[in-house]
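Q: please work out how this folds:
(one chain, ligands or ions: 1)
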Amino acid sequence: MSYTVVWFRRDLRIADHAPLAHAAQQGPVLCLYVLEPSLRAQPDAAQQHYLFLQESLRDLARALRALGADLQLAIGEVPEVLARLHAAAPFHTLASHEETGNGHTFERDKTVARWCLASSVVWREWPQHGVVRRLPTRDVWHASWQAHMHAPQVPTPARIEGRLLPWPTERWPAGSRFGLAEDAPPQRPHGGRSEALTVLHAFLDERSRQYRGGISSPLGAPTACSRLSPYLALGCLGMREVVQATRARIGALSGPDDGRQRQGLAAFLSRLHWHCHFIQKLESEPELEFRNLHRGYDGLRETEWNEDHFAALTAGRTGWPMVDACVAMLRETGWLNFRMRAMLVSVAAYPLWLHWRPVGLWLARQFIDYEPGIHWSQMQMQSGTTGINTTRIYNPIKQARDHDPQRRFVRHWLPAMRRVPDAWLFEPWRMPADVQARCGVRVGEDIPAPRVDLKAATRAAKARVHALRAQAEVREAKAAIVEKHGSRLRRPAARKPGAAAAARQRELDF
Ligand SMILES: Cc1cc2nc3c(=O)[nH]c(=O)nc-3n(C[C@H](O)[C@H](O)[C@H](O)COP(=O)(O)OP(=O)(O)OC[C@H]3O[C@@H](n4cnc5c(N)ncnc54)[C@H](O)[C@@H]3O)c2cc1C
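A: Coordinates of the predicted model:
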């Protein structure tokens, strides 16, 4: 008897899983995960993602077993695995969620689609999150997101008639087989739906009290933020179930002291919306992973790559303590809050004048929650190449003063800085020689000196971006980008020409 192949990708759960539910209704199901050597060898892949994936698959396998199916692991390229499987045990349908991944998965999906067509296999795909494939216009996007998030979740099948691969399944190989480095952040979160549910409920019940006002400082953010991003990136949790659980929690808050938590959860909900809003950009324009969203910015940084600046940034040795402390935290935990990510990219893009693509690849490997749609849109936004966002430049000294007033963050992550007196901690290069001698920390020897003058380099960078932005053809090309990618939320009635476009522009500046 023929059967359906459910191809798990970044949807590693059984709850609210339309492809699985649909397949289980049709008859026997082969639950497949394909470990693709070529995907693991991409420059955005890292050992921490691989370990997190392994943990998540282990949890998924347990959940499927309880329903009567064994998760089948195949190692190889997807079109070849499917062809081999079909030759040995023909199947009629391939069922999966849509994936908005990197350029590599985009090309692979096109090959899979061609193979299905040639082999008379139906490939049915269901939307994942609130991202819309072949979106005709952004005007309908928000309504579509709301409809998806309000729709009932797909029930989990009570039982699955599981099929096995017609060859022995392989054991999970070490990441080194695919060229992944051995090391991963020692304090990274662990994968799997069970872990994800614990994190979700701890956030909704308790930690969300700190969300409002707590998410900008890298000290408070690790507990104030939800920490759900890696679980959303691999689909251990579905976006709809997180949205609905959050709405239910907001609905249950009725006490006089609940106001702050309610506001925090409302702000969290809007970020869940941003999640899909950003991924939609990549879905609608896959090239933004590789090219400036606004082509008028081509050539701005491309030919001025400075390998020494990049090496200092990635080693956490820029000489700006707040930046270097963030790199140290990232290396240890695989996570940083939004504000500090934006600061890192801003420092890379402006005073260090580094192109976003290599910096983005490095950060993709550092972030346990790497999600191409959010990541590349944000990399470009914080580097000023979208052409539609106000230039946001984060000064690392101001960020340190605002978000580490007690100097605990920098001292925690940079042990070499512990003996630097408070007055000099955020700008140690200004320490007079006698202070350096007294505290035993010599700039340029014990700690790095900044590679450029922050103020002058930032001013020069900003001037170059603004000069380009002021050119008529660059200004004119902006409208089409806003039309294609701009948020339509809260658009006011246009009282005078251009008001709506201007309002939309503001909404993109998170
Ligand atoms: C340069 C840069 C790169 C980034 N790369 C990624 C990435 O690869 N993966 C990723 O998930 N997030 C990325 N972000 C967005 C944001 O920093 C993280 O989503 C957030 O820090 C994750 O922690 P959390 O789940 O506790 O967030 P919370 O504040 O609890 O937010 C809940 C969820 O909302 C979504 N979200 C939050 N902030 C944003 C945002 N600004 N844009 C879009 N969605 C958002 C995420 O899915 C997040 O899990 C990036 C931001 C910047 C500036």
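
Q: quick check: pLDDT value at the residue nearest to the spatial centre of the chain.
A: Centre of the chain computed as the mean C-alpha position; nearest residue by Cα atoms, centre = their mean is Glu371, 3.2 Å away. In this prediction, Glu371 carries a pLDDT score of 98.

Q: and the gap between it and Pro189?
A: 15 Å (Cβ to Cβ, to the nearest Å). C-betas here are computed from N, CA, C, even on glycine.

Q: go on, His466?
A: Distance from His466 to Pro189, by Cβ to Cβ: 40 Å.

Q: what about these two, which has more around it?
A: Pro189 (22 against 11; other Cβ atoms under 10 Å).

Q: ok, longest strand in the chain?
A: strand 29-35 (DSSP state E).

Q: residues in contact with that one?
A: The set of residues external to strand 29-35 that reach it, using Cβ atoms under 8 Å, 6 or more residues apart in numbering, is 3-8, 20, 23, 57, 60, 64, 69-78, 81, 85, 91, 160-165, 172-173.

Q: distance-wise, check Trp424 relative to the ligand.
A: 29 Å (Cβ to the nearest ligand atom, to the nearest Å).

Q: and for Glu241?
A: In terms of Cβ to the nearest ligand atom, Glu241 sits 13 Å off from the ligand.

Q: ignoring the adjacent residues along the chain, who's closest to that residue?
A: Closest residue to Glu241 apart from its sequence neighbours, by Cβ to Cβ, 6 or more residues apart in numbering: Asp16 at 5.2 Å.

Q: residues in contact with that neighbour?
A: Counted by Cβ under 8 Å, 6+ apart, Asp16 has contacts 153-154, 156, 238, 240-241.

Q: can I get the buried part of those residues as one PyMOL selection?
A: A single PyMOL command is used to select the members of the contacts of Asp16 judged buried by 16 or more other Cβ atoms under 10 Å:
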select buried, resi 154+156+238+240+241
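
Q: what about the contacts of Asp16, which are in helices?
A: 240-241 (DSSP state H).

Q: list just the nearest of the contacts of Asp16 to Glu445.
A: Proximity of the contacts of Asp16 to Glu445 (Cβ to Cβ) peaks at Gly238, which lies at 52.3 Å.

Q: just checking, the closest one touches Gln153?
A: Yes - between Gly238 and Gln153 there is a contact at 7.3 Å, judged by Cβ atoms under 8 Å.

Q: shared neighbours of the two, anything?
A: 15-16.

Q: list the contacts of the residue nearest to Met343 when sequence neighbours are not counted.
A: Excluding its sequence neighbours, the residue lying closest to Met343 (Cβ to Cβ, 6+ apart) is Tyr394, at 4.0 Å. Residues in contact with Tyr394 (Cβ under 8 Å, 6+ apart) are 339, 342-343, 346-347.

Q: how about the residues of the stretch 251-400 of the chain by the ligand?
A: 268, 271-272, 274-275, 278, 337-338, 341-342, 345, 367, 369-371, 374-375, 378-379, 382 (Cβ under 6 Å from any ligand atom).

Q: now with 8 Å, please.
A: Contact residues (Cβ under 8 Å from any ligand atom) of the stretch 251-400 of the chain with the ligand: 268, 271-272, 274-275, 277-278, 335-338, 341-342, 344-345, 360, 363-364, 367, 369-372, 374-375, 377-379, 381-382.

Q: and His309, how far is that from Ala349?
A: His309 is 11 Å from Ala349, by Cβ to Cβ.

Q: the two: which is more packed in?
A: Comparing His309 with Ala349 by other Cβ under 10 Å, the one with more neighbours is Ala349, at 25 against 18.

Q: next, count neighbours for the nearest residue to Gln26 once chain neighbours are set aside.
A: Nearest in space to Gln26, with sequence neighbours left out and distances taken as Cβ to Cβ, 6+ apart, is Thr4 at 5.5 Å. Neighbourhood size, Thr4 [other Cβ under 10 Å]: 26.

Q: would you map out the domains in this protein?
A: Per automatic domain parsing, the domain ranges recorded for the chain read 4-126, 193-284, 295-507.

Q: got TSV for those, with distance to Glu182 too?
A: Shown next, in TSV, are the domains of the chain (distance: least, Cβ to Cβ, whole Å):
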stretch	distance to Glu182
domain 4-126	7
domain 193-284	20
domain 295-507	14
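
Q: lowest average pLDDT across the ones you listed?
A: domain 295-507 - the lowest mean pLDDT of those, at a mean of 91.

Q: count of neighbours near the residue lying closest to Ala416 once chain neighbours are set aside?
A: Distances taken as Cβ to Cβ, 6+ apart place Ile447 nearest to Ala416, at 5.3 Å, with adjacent residues excluded. Using other Cβ under 10 Å, Ile447 has 20 other residues around it.
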